[in-house]
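[1] Below is the sequence, then the predicted model.
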Amino acid sequence: MKPQNSENRESAEPDRDPDLAGAEAAMRRAAARAHRRAADGDRSIAVFENGRIVWVKPNDEIFR
């Protein structure tokens, strides 16, 4: 494996860890499921927004 200089590191796509290949899709599915469950129970969901954790209702604009 060739060492990368700082220029190559910024433009090169990082190697994907095969153990984490489906992690993003799984997190999106989990978030959608949490959204549906909260909507069914008329509850709020904690989300990270602008560097803060805020509670929002499932029908808020953030989920559209």
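    That came through fine. Residues are numbered from 1 along each chain as shown.
[2] Name the residues of stretch 25-42 that are buried.
    His35, Ala38 (16 or more other Cβ atoms under 10 Å). For glycine as for every other residue, the C-beta is placed from the backbone atoms N, C-alpha and C.
[3] Assign a three-state SS to Arg16, would you?
    coil (DSSP: H, G, I helix; E, B strand; the rest coil).
[4] what about it, how many neighbours?
    By the criterion of other Cβ atoms under 10 Å, Arg16 has 9 neighbours.
[5] mind starting the numbering at 40 from now?
    Right, with 40 as the first residue, what we last looked at is Arg55.
[6] Contacts only, for Pro57.
    For Pro57, no residue meets the contact criterion (Cβ atoms under 8 Å, 6 or more residues apart in numbering).
[7] by contact count, what packs against the longest helix along the chain?
    In the chain, assigned by DSSP state H, the helix with the most residues is helix 62-79. Helices and strands touching helix 62-79, by 3 or more Cβ pairs under 8 Å, 6 or more residues apart in numbering; DSSP states H and E, are strand 84-88.
[8] Show me which parts of the helix or strand just after the strand it packs on are buried, residue by residue.
    For strand 84-88, the following helix or strand on the C-terminal side (DSSP states H and E) is strand 91-95. By neighbour count on 16+ other Cβ under 10 Å, the buried set for strand 91-95 is Val95.
[9] any idea how far strand 91-95 is from the chain center?
    A distance of 15 Å separates the centroid of the chain from that of strand 91-95, by Cα atoms, centre = their mean, to the nearest Å.
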